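> sequence unknown, structure follows:
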């Protein structure tokens, strides 16, 4: 054990300015170290397990003489009990660093999840929708909370206010909350059960979405009026009007039409093949083209030379598709802002169901709907292409006025 030095007073310690190690007494091995730059720190020299060790006790004057002596006595007492305070402090620092490394807020976790999953999502729009939903509803409640601390009470505070009023949004939000928390657990940022899980958990606390959801249908034109509407539409000029006309003829979705390239079209066979990457169900869909639809495409192709990868209905910027609002703008210019482009799929569905004898699976497959009934799905696996071609020809004939009504007895 080092011999005891003369016990200096606080005033005497304050006068120590010469660089070097100055014993201050009071506790064996306690020194004030003064650097060449004038900085002063407390050092305890001792022996632990037969090895000489130096232990820092803090800087002077923030650590006073009396506090330094107290720290030194505690360290020596720990050594006498067989502990190594130097090793303990190093372990504590490592644990703190590890803890800080495992700290991440919910907003940070959400951003990292979206970034990691964006590559497998169809579009940047999907990623933006994810982020927007979480930022709107989750961030105000748990955005700055450590993701490990998110609990059931937080999840309920987010979901309950909108569960019965914005059910579809709330249901999607719950799934996104669950995904973020699952990601955080997989990365080691949290432990325990996921408080946003549905089965066996939230399904006991919240009503089923199907019981409270208010179905909001896209505004649709009655099928009896579609012929007159098409007459008016064909009088409109512009690529957006032609895109809307083609959408109605094929009963397809806006994004499918706007993103269509000439490579997808076989005019000789009368087939439009939409790749899986552009389909809602992520499955390739073959659309039989009626003669009016083929004639419309031919009229566009006569306007100039097109490459296979060119967009059929390009927007104002060369090479880019029409915007989301382009078809809506056509409807508004026709003073039919009460309608939506998507609603014409409902018009087609109503017409086919109410005025034709085509089987339900043929109609649903024409709309690229996934059949819930397994027997129906197995029957429709062949895509019923020939029957769908007759159906779409009848639809085109009806809405273009070639025939007054569909052939109701076709099977």
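Done, it's in. Remember, it's a predicted structure, so these values are computed and weren't measured experimentally. Numbering: from 1, shown residues only.
> where does the stretch 1-150 of the chain dip in pLDDT?
Along the stretch 1-150 of the chain, segments meeting pLDDT under 70 span 1-4, 90-102, 121-125.
> Apologies, that question was intended for the stretch 301-411 of the chain.
305, 318, 370-383, 402-411.
> At which residues are the helices of it located?
Per DSSP state H, counting those that start in this stretch, the stretch 301-411 of the chain carries helices over the ranges 326-333, 343-355, 360-366, 374-379, 385-400.
> Residue 155 is nearest to which of those helices?
helix 374-379 (33.8 Å; CB to CB). C-betas here are computed from N, CA, C, even on glycine.
> Quick check: which of the helices of the stretch 301-411 of the chain is nearest to residue 85?
When these are compared by CB to CB, helix 374-379 sits nearest residue 85, at 68.9 Å.
> Can you report phi and psi for residue 297?
Per-residue torsions, residue 297: phi -60, psi -40 (degrees, to the nearest 10).
> If you could redo that for residue 33, that was the one I meant.
The phi/psi pair for residue 33 (degrees, to the nearest 10) reads phi -90, psi 130.
> so can I have CSV of the helices of the stretch 301-411 of the chain showing distance to residue 270 and mean neighbour count?
Converted to CSV, the helices of the stretch 301-411 of the chain look like this (distance: least, CB to CB, whole Å; neighbours: other CB atoms under 10 Å):
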stretch, distance to residue 270, mean neighbour count
helix 326-333, 24, 18
helix 343-355, 18, 19
helix 360-366, 15, 21
helix 374-379, 24, 12
helix 385-400, 8, 20
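> I'd like the ones you listed as a markdown table, with distance to residue 66 appended.
Formatted as a markdown table, the helices of the stretch 301-411 of the chain follow (distance: least, CB to CB, whole Å):
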| stretch | distance to residue 66 |
| --- | --- |
| helix 326-333 | 77 |
| helix 343-355 | 81 |
| helix 360-366 | 84 |
| helix 374-379 | 81 |
| helix 385-400 | 91 |
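> for these, which one sits closest to residue 7?
Between those, helix 326-333 lies closest to residue 7; by CB to CB that is 87.2 Å.
> what about stretch 56-72, how long is it end to end?
Using CA to CA, to the nearest Å, the end-to-end distance of stretch 56-72 comes out at 10 Å.
> So which bits of it are buried?
57, 60, 63, 65, 68, 69, 71, 72 (16 or more other CB atoms under 10 Å).
> Verify the contact between the fifth one and residue 57 for me.
Yes - taking contacts as CB atoms under 8 Å, residue 68 lies within contact range of residue 57: 5.3 Å.
> what do these two both touch?
The contact sets of residue 68 and residue 57 overlap at 30, 42 (CB atoms under 8 Å, 6 or more residues apart in numbering).
> ok, residue 269 - how many residues close by?
12 (other CB atoms under 10 Å).
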